[in-house]
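A.B. asks: I would like to see how this sequence folds:
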Amino acid sequence: MPITPASAAASDLSSGGSAAPIMLELVDENGTTIGTAEKHSAHVPPGRLHRAFSVFLFDSTGRLLLQRRAQGKYHSPGVWSNTCCGHPYPGEPPFTAAARRTAEELGVSPSLLCEAGTVRYNHPDPASGLVEQEYNHLFVGVVKGEPRPDPEEVGETAFVTAAELAKLHEEGPFSAWFMTVLDAARPAIRELTGQSASW
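C.D. replies: Numbers count the residues shown, from 1 in each chain. Okay, here's the model as predicted:
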């Protein structure tokens, strides 16, 4: 039976109070579900193709909300990345997962969230030795509230213009998947922001 967000959260605790394994949804090259795997094992080289999502939220002036991943993250700690990214629970719609996880990580919900296509990639992360084999569902949207990030997930946030993003990208490390998901989402970003020349 598919695990819903509620039942997945309830299953996070097993006897003795220890956390249950986090499960991901494995997919084929067409994005069709073929099974599940424990989160860490799916990222061990060569990696197993699994469902993921990436969110790009903008403020009213067209600036992109970035997050710097917390230093305690086991995968890609301390680097800049898009607004939010993660994995749906098995059976959870990617749209639902994207909205849920954005609120959990950043303490703010999107006021608008739109599907922006999918992208499939294979990105090794040299720092951790893990591999991102993902079928990624992309979302773009608008945020009106001020982020109140969970410090265990997010070390820092910033709203940036396209020019400021380019400068920041030159100066420091970003997540291995960032440019791939950004490039794939650009058409939807340009339509959302009306800034076709910038993005």
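
A.B. asks: Any idea how far stretch 103-114 is from the middle of the chain?
C.D. replies: 12 Å (C-alpha atoms, centre = their mean, to the nearest Å).

A.B. asks: Quick one: residues in contact with that stretch.
C.D. replies: 55, 57, 65, 67, 83-84, 86, 95, 98-99, 102, 139-150, 153-154, 157, 188, 192 (C-beta atoms under 8 Å, 6 or more residues apart in numbering). All C-beta atoms are positioned from the backbone trio N, CA, C, and that covers glycine.

A.B. asks: pretty sure residue 35 is in contact with residue 26, am I right?
C.D. replies: Yes - under the criterion of C-beta atoms under 8 Å, residue 35 makes contact with residue 26 at 4.5 Å.

A.B. asks: higher neighbour count, the two?
C.D. replies: Under the neighbour definition other C-beta atoms under 10 Å, residue 35 and residue 26 were set side by side, and residue 26 has more, 19 against 13.

A.B. asks: Identify the bridge partners of the more buried one.
C.D. replies: Residues in a beta bridge with residue 26, per DSSP bridges, are residue 35, residue 50.

A.B. asks: got the contact list for it?
C.D. replies: Here residue 26 is in contact with 33-37, 42, 48-51 (C-beta under 8 Å, 6+ apart).

A.B. asks: can I get those in JSON lines with pLDDT and distance to residue 75?
C.D. replies: Supplementary listing: these in JSON lines, determined by pLDDT from 0 to 100; distance: C-beta to C-beta, whole Å:
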{"residue": "33", "pLDDT": "98", "distance to residue 75": "22"}
{"residue": "34", "pLDDT": "98", "distance to residue 75": "23"}
{"residue": "35", "pLDDT": "98", "distance to residue 75": "21"}
{"residue": "36", "pLDDT": "98", "distance to residue 75": "19"}
{"residue": "37", "pLDDT": "98", "distance to residue 75": "15"}
{"residue": "42", "pLDDT": "96", "distance to residue 75": "11"}
{"residue": "48", "pLDDT": "97", "distance to residue 75": "15"}
{"residue": "49", "pLDDT": "98", "distance to residue 75": "16"}
{"residue": "50", "pLDDT": "98", "distance to residue 75": "13"}
{"residue": "51", "pLDDT": "98", "distance to residue 75": "16"}
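
A.B. asks: between those, which is nearest residue 177?
C.D. replies: Checking the contacts of residue 26 against residue 177 by C-beta to C-beta gives residue 50 as the nearest, at 12.9 Å.

A.B. asks: Just to be sure, which of the contacts of stretch 103-114 are found in helices?
C.D. replies: Those of the contacts of stretch 103-114 mapping onto helices are 95, 98-99, 102, 188, 192, per DSSP state H.

A.B. asks: from those, which single one is nearest residue 72?
C.D. replies: Nearest member of the ones in helices among the contacts of stretch 103-114 to residue 72, counting by C-beta to C-beta, is residue 102, at 19.5 Å.
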